[in-house]
Every structure is written in structure tokens, then in C-alpha cells.
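Colleague: Give me a model of this one.
(one chain, ligands or ions: 1)
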Amino acid sequence: MSKVSCSLPDPQLLEGAKAAFKQAYAPYSRFRVGAALRTSDGRVFFGANVENASYGLGRCAEQSAVQAMATAGAREFTEIVVYSEATPPASPCGACRQILFEFSPEARVVCVNQHGDVVSGRVAEFLPHGFRLEQRDDGHEVGTL
Ligand SMILES: [Zn+2]
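Modeller: Prediction:
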């Protein structure tokens, strides 16, 4: 990821991601993550990781934030801040990278930790060649009947 840089997060999103971090439900891993994103129309949504005794059912903070955004009817975000107490800062997992890519491949991702360490870049830089279901082989365009 040579293109990933270290630009500072939006202060409001950083505070939101920290607040979400405090709400994380991570009794099994004890690895808490908070996320906050800003939509193209300026709304802010939050997410925290939520684990489950059935481990595979756990949900990442980034996914939670995107679910909140999509449920509110928003379909595009410009920046997501991911906060953790990991060094280096926790980066979105592969599944989350694809989920972020679905909505906003050009959005900025800023991963931050409690020391102020930052790793950032565009979603498409975190997930080069992300999957898109735009057209089937038979020419049928997705989203049409
Ligand atoms: Zn994830």
C-alpha cells in the first residue's frame, strides 16, 4: 500500500469514532474499534464492533457505521475514521474494505490510535481492484428488471 499516507482525520469524526469505541462490545477479543463516517450530504454515522459468543457473527465497527448510513438512506460517504488502541492503528479488515468500496471507493479512510498515529488513504487504495457487480455477462445491467 505505498499510496497510503498519513493525513489527519476530521476532528468531529475522530471524536465520534472515539465515542463509538467506548461503546464497542468486545468481551471475547477485548479488541475494541470505533468508526465514524461523514456522508456526502454532511450527515455523520457511527459504528462499533459488536462481538457474539458465536464468533463468526461478530460485526466490525466499519460495517456497523455503513449499516447505519445505508439504513438512513445515504449511499455515499466522503471520509471514515477508524479508531482503535492498536499500534499501528487498526486497519479495516478485508471484508470491511469491500463494504466500504461498495459505496465510496474514492472516500478517505483514516485509521488512528490513542497515540495519534495515523494511516490513511482512499478506499480504493486499501482495496485495489475491489469487486463491482455492474454488469452480468448476458448484458443485463444490475439494478434493472
Ligand atoms: Zn472488518
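
Colleague: drop to CA atoms for contacts and neighbour counts, all remaining ones
Modeller: Fine.

Colleague: State the pLDDT value of D137.
Modeller: On the pLDDT scale, D137 is placed at 75.

Colleague: Check the gap between it and the ion for me.
Modeller: 30 Å (C-alpha to the ion, to the nearest Å).

Colleague: Let me see the ranges of the strands in this protein.
Modeller: Along the chain, counting by DSSP state E, strands occupy 33-39, 44-48, 77-84, 108-113, 118-122.

Colleague: of all those strands, which lies closest to Y25?
Modeller: Checking the strands of the chain against Y25 by C-alpha to C-alpha gives strand 44-48 as the closest, at 7.5 Å.

Colleague: Kindly export the closest one (C-alpha atoms) in CSV.
Modeller: Extracted in CSV, the C-alpha atoms of strand 44-48 (Å, rounded to 0.1, in the frame of the first residue of the first chain):
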residue,chain,number,x,y,z
VAL,A,44,-22.4,11.6,10.4
PHE,A,45,-22.9,8.0,11.4
PHE,A,46,-21.1,5.9,13.9
GLY,A,47,-20.3,2.2,14.4
ALA,A,48,-18.6,0.0,16.9
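
Colleague: quick one, it and strand 77-84 angle?
Modeller: Angle, strand 44-48 to strand 77-84, by axes from the mean of the first three to the mean of the last three C-alpha atoms, to 10 degrees: 30 degrees.

Colleague: what helices or strands is strand 44-48 leaning on?
Modeller: helix 11-23, strand 33-39, helix 61-71 (3 or more C-alpha pairs under 8 Å, 6 or more residues apart in numbering; DSSP states H and E).

Colleague: Pull up the pairing partners for that strand, direction included.
Modeller: Here strand 44-48 is paired, per DSSP bridges, with strand 33-39 (antiparallel).

Colleague: how far is the strand it pairs with from where the chain is centred?
Modeller: 7 Å (C-alpha atoms, centre = their mean, to the nearest Å).

Colleague: Tell me who's in contact with the nearest residue to R122 once chain neighbours are set aside.
Modeller: Spatial nearest neighbour of R122, excluding adjacent residues (C-alpha to C-alpha, 6 or more residues apart in numbering): R108 at 4.4 Å. R108 makes contact with 78-80, 120-123, according to C-alpha atoms under 8 Å, 6 or more residues apart in numbering.
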